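> have a look; sequence and predicted model below, questions after that.
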Amino acid sequence: MKNKTSIQGSWASRWIFILAATGSAVGLGNIWKFPYITGENGGGAFVLVYLACILLVGIPIMMAEVFIGRRARKNPINALTDVAEESEGIKAWGIIGIMGMLSGVLIFSFYSVVGGWVLHYIKIMVTGEMMGISSEDAGAAFSALLGEPITLLGWHTLFSIMTVFVVAAGINKGIETATRIMMPALFVLLFILLGYAMTTGGFTQGWNFMFEFDFSKLTWNSALVALGHSFFTLSLGMGTIMAYGSYMTKDASIGKTVLAIGALDTLVALVAGLAIFPIIFSNGMNPGAGPGLMFISLPVAFGQMPFGQLFGILFFVLIGVAAWTSAISLLEPTVAFLVERFKMKRINAAIALGVVVWGLGIACLGSFNFMSDVTFFGKNTFDFLDYITANIMLPLGGILIALFAGWIVKDKFAQDELQLPAGIYTLWNFSMKFTAPIAVAIVLYFLINPMK
Ligand code: PHE
Ligand code: NA
């Protein structure tokens, strides 16, 4: 492959890549989605399946995405076609990249709505109107927010503009610096909240809820949700990590780097769960409360703890930043494609894409109010887009990337990028050829043909 660097630029070092990829991985998926889907799927067994998926499917696929991107140093569509050609495969593999761009657009449309909720919560933390609130009132406040399309639209618009702004500015300075300060701060605050959760008296119950593996509660559908979430949380199956990999320097070890990203992402999700569930249980709330879980439990907790308002503001700011860095990464592959393929100026590409995702986002926020009657397969637009992207499109993208990396790419090219010890390479290759595709295929099969 002739390209030494991407025309978009490259990360300053291996650490910057880890930071940027972790910025993409750690987001609403960890702090908002993971706790609520764990609640909806009964806890324990779901968490175990999720961890297995991260280790056996997610991490190996992430390695594949990084090496494909880094080898070609182009946007995902062109990277896939270039790497396919080099191994004498057909160009049609580029279709995975097209599907990925679509996934990114669809995910963004509901992600930005939730990002907007976070911005709204920063505001109400600052005004102090949630201080000392009861769990009933916190629940009512969240429902009330969902019923106000104009408020939601304002925040969704602001979140979209913030995201487009950074994407337009390019991959380097802004986002790198923001992640460098914010990610460590997020960890510190998460552990402070965990410390508070430990004092609530609900900690053992919260811990048991997450780590008591009761397999009678596990259904094929919850296994699908766990698998889908492992893709969502690691930003896999849609080209984000491939695009970020294309800006990575050649000297860094892909294996170690990817392990670090996977470990950090998992740690944040588990700590978020351990911080949120004890608060839920000690206040007699329902762990299966759905998407409002975090927005109801955290204000209650912050309203009771010393310096709660300060911590509350900081915490929602950091969730906002985590969501922001992830949202940026949802748009990056498509913007890179528009720039490289159609020679568009980055700023124009970012704005054009921004307008599209913003428009789709309106249908998502309308799901809770003026468009609540519009359903697809019994789900409102918001839930439907969340469901098909996380549970179908990302796993499908992932399976195809695995098959491509395992069966099409020649070993010598894969190893040239991965540089793994022989035994580990064999394991990785086995995962690409068999484990990952078969796991995804089984779960998708039982989803379509439920066992009675
Ligand atoms: N990984 C992000 C999160 O957990 C979401 C995301 C998915 C970002 C896919 C980019 C691509 O919040
Ligand atoms: Na994540």
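Perfect, thanks for sending it. Numbers count the residues shown, from 1 in each chain. Ligands and ions are numbered 1, 2, ... in the order given.
> among the helices and strands of this protein, which has the poorest mean pLDDT?
Ranked by mean pLDDT, DSSP states H and E, the helix or strand of the chain with the weakest confidence is helix 173-199, at a mean of 83.
> check which residues of the helix or strand following it are buried.
Counting by DSSP states H and E, the element after helix 173-199 in chain order, helix or strand, is helix 203-211. If you call a residue buried by 16 or more other C-beta atoms under 10 Å, then helix 203-211 has these buried ones: 203, 205-207, 209-210. For glycine as for every other residue, the C-beta is placed from the backbone atoms N, C-alpha and C.
> can I get helix 203-211 in PDB, CA atoms only?
Written as PDB, here are the backbone C-alpha positions of helix 203-211 (Å, rounded to 0.1, in the frame of the first residue of the first chain):
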ATOM      1  CA  PHE A 203     -24.900  -1.500  47.200                       C
ATOM      2  CA  THR A 204     -25.100  -5.300  47.900                       C
ATOM      3  CA  GLN A 205     -28.400  -5.500  46.100                       C
ATOM      4  CA  GLY A 206     -27.000  -3.500  43.200                       C
ATOM      5  CA  TRP A 207     -23.900  -5.700  43.000                       C
ATOM      6  CA  ASN A 208     -25.900  -8.900  43.200                       C
ATOM      7  CA  PHE A 209     -28.200  -7.600  40.500                       C
ATOM      8  CA  MET A 210     -25.300  -7.200  38.100                       C
ATOM      9  CA  PHE A 211     -23.200 -10.200  39.000                       C
END
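> by proximity to ligand 2, which residue of the stretch 351-452 of the chain wins?
Residue of the stretch 351-452 of the chain nearest ligand 2, by C-beta to the ion: residue 390 (11.2 Å).
> now do the same contact list for that residue.
Contacts for residue 390 were tallied using C-beta atoms under 8 Å, 6 or more residues apart in numbering; they are 107, 225, 228-229, 231-232.
> of these, closest to residue 52?
Closest approach to residue 52 among the contacts of residue 390 (C-beta to C-beta): residue 229, at 12.2 Å.
> same for the host helix or strand of the closest one, what does it pack against?
Using DSSP H and E, the element containing residue 229 is helix 220-233. Applying 3 or more C-beta pairs under 8 Å, 6 or more residues apart in numbering; DSSP states H and E, one finds that helix 220-233 makes contact with helix 34-40, helix 44-53, helix 394-403, helix 436-448.
> let's see that with 10 Å instead.
helix 34-40, helix 44-53, helix 59-72, helix 95-127, helix 254-282, helix 381-387, helix 394-403, helix 436-448 (3 or more C-beta pairs under 10 Å, 6 or more residues apart in numbering; DSSP states H and E).
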